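K.L.:
Quick one: sequence plus predicted model below, questions after.
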Amino acid sequence: MSRLKTFGKYLLMFVAFYIFSTILSIGFISTTYSEMKETIYQDSNLSVKIEDAKSTFVNGYVKGTVTNINTTDIQSKYIKMEFISENNNEILYKYIQIDNIKAGETKNFTINFEAENIKSFNVKITDEAVREENNVHLINLADAENEEIKNISIFLAAAILLKYVIL
């Protein structure tokens, strides 16, 4: 019985260290993100609102919503995102394809990108995606919605494990 208690203590210390190091890592990573400047060119049919846009030295993300402000449904439009470096060079283009959005409907999107030194971005509404450039990515709006809910599962698993190890 003594060995089982010793094993339980070591397992408990391992899980506590894992949770502690995960929290420190998340804190460190979140402090490396900085805000990006945005320029939004609105359309008469669609309204784009950026809620959060941050970047690090090597990657970043943009979260926002797109709303159909017209009285008719929109079948095919694109949101073009131009990611710009500190020296005003256009580094990367991403397109979000909007297939069907009903009148008055709002949809969320999250765009992740991997590019170095991005400090600002432009948002434009276009009728087509231009694929001539090398750094162009096309993303469907349904795929760009709500990417999160990952880290809470690790915490819940650790809490359940602790409950059964201690009791």
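P.N.:
On my side now, so go ahead.
K.L.:
Would you map the helices across the protein?
P.N.:
Ranges of helices in the chain, per DSSP state H, are 2-31, 151-166.
K.L.:
Which elements pack onto the longest one?
P.N.:
Same thing as helix 2-31. helix 151-166 (3 or more Cβ pairs under 8 Å, 6 or more residues apart in numbering; DSSP states H and E). Yep, even glycine has a C-beta here, placed from its N, CA and C like the rest.
K.L.:
what sits against residue 48?
P.N.:
40, 42, 64, 65, 66, 67, 79, 123, 125 (Cβ atoms under 8 Å, 6 or more residues apart in numbering).
K.L.:
Quick check: of these, which lies closest to residue 110?
P.N.:
Comparing the contacts of residue 48 against residue 110 with Cβ to Cβ places residue 64 closest, at 8.1 Å.
K.L.:
what about that closest one, distance to residue 79?
P.N.:
Per Cβ to Cβ, to the nearest Å, residue 64 is found 9 Å from residue 79.
K.L.:
who's more crowded, the two?
P.N.:
residue 79 (25 against 22; other Cβ atoms under 10 Å).
K.L.:
Give the bridge partners for the closest residue to the more buried one other than its chain neighbours, please.
P.N.:
Of all residues not flanking residue 79 in the chain, residue 96 sits nearest, at 4.2 Å (Cβ to Cβ, 6 or more residues apart in numbering). Counting by DSSP bridges, residue 96 is bridged to residue 79, residue 139.
K.L.:
Hmm, residue 108 and residue 96 touching each other?
P.N.:
No. Shown here, residue 96 and residue 108 do not form a contact pair, counting by Cβ atoms under 8 Å, at 11.1 Å.
K.L.:
out of those two, which sits in the busier spot?
P.N.:
Taking neighbours as other Cβ under 10 Å, residue 96 and residue 108 compare with residue 96 leading, 25 against 14.
K.L.:
so what's the more buried one scoring on pLDDT?
P.N.:
pLDDT recorded at residue 96 is 89.
K.L.:
residue ranges with poor pLDDT in this structure?
P.N.:
The chain contains residues with pLDDT under 70 at 131-155, 167.
K.L.:
and residue 165, what does it touch?
P.N.:
Taking Cβ under 8 Å, 6+ apart, one finds 8, 11, 12, 15 in contact with residue 165.
K.L.:
Could you measure from the third one over to residue 164?
P.N.:
With distances taken as Cβ to Cβ, residue 12 is found 11 Å from residue 164.
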